[in-house]
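*Asks:* Have a look at this prediction, sequence included:
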Amino acid sequence: MPRLLLVEDNALLLRLYRELLEEGGHHVRAASCVAEALGELEAEAPEVLVMDLRLPELEDGLRLLRAVAKLTTRVIVISGWTADLAECPERSRVECILSKPVRLETLLASVGECTRL
């Protein structure tokens, strides 16, 4: 069962994404902020990190991307502000960028692709 870390500061989206991913057969740990996410990363590196980019600020998401740079974790970013990553060096760590609102089928397919690679 693929291990995922889901990071989203919107409680409703966090719950929705988590339920969807668990129903899709993934083991999901969740965090609602960068501090929680960093703790989860220290405990166990996930196969895939699914994260909002602004947590609540852009710098929070970029800090998290820098933290996973030394891991083999694949990264999916979900954001309403996808252009924020266009010129950032952290962009190279991102496997897939999904625009909010993301279709749930698209999220499942993207996670599936990352866990098959």
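*Replies:* Ah, there it is.
*Asks:* can you give me the helices for the protein?
*Replies:* 11-23, 34-43, 58-67, 104-116 (DSSP state H).
*Asks:* Show me the one of those that comes nearest E90.
*Replies:* Of all the helices of the chain, it is helix 58-67 that lies closest to E90, at 4.0 Å by C-beta to C-beta. Any C-beta I mention is one placed from the backbone N, CA and C, and that applies to glycine too.
*Asks:* Contacts for that closest one, please.
*Replies:* Residues from elsewhere that reach helix 58-67 (C-beta atoms under 8 Å, 6 or more residues apart in numbering): 7, 33-34, 37-38, 41, 49, 51-55, 75, 77, 79, 81, 84, 88, 90, 93-94.
*Asks:* Write the PyMOL selection for whichever of these are buried.
*Replies:* Those of those that count as buried under 16 or more other C-beta atoms under 10 Å are selected in PyMOL with:
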select buried, resi 7+34+37+38+41+49+51+52+53+55+75+77+79+84+90+93+94
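*Asks:* now, which of the contacts of helix 58-67 lie within strands?
*Replies:* Judged by DSSP state E, these include V7, L49, M51, D52, V75, V77, S79 as members of strands.
*Asks:* so which of the residues you listed comes closest to G24?
*Replies:* Nearest to G24 among these, with distances taken as C-beta to C-beta, is L49, at 16.2 Å.
*Asks:* give the contact list for that closest one.
*Replies:* L4, L5, V7, A37, L64, V68, T73, R74, V75, I76.
*Asks:* what's across from it in the sheet?
*Replies:* Residues in a beta bridge with L49, per DSSP bridges, are L5, V75.
*Asks:* circling back: columns pLDDT and distance to L20 on top of the ones in strands among the contacts of helix 58-67, output as a markdown table?
*Replies:* A markdown table is the format used below for these (pLDDT from 0 to 100; distance: C-beta to C-beta, whole Å):
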| residue | pLDDT | distance to L20 |
| --- | --- | --- |
| V7 | 98 | 15 |
| L49 | 97 | 16 |
| M51 | 97 | 15 |
| D52 | 95 | 15 |
| V75 | 97 | 18 |
| V77 | 96 | 17 |
| S79 | 92 | 18 |
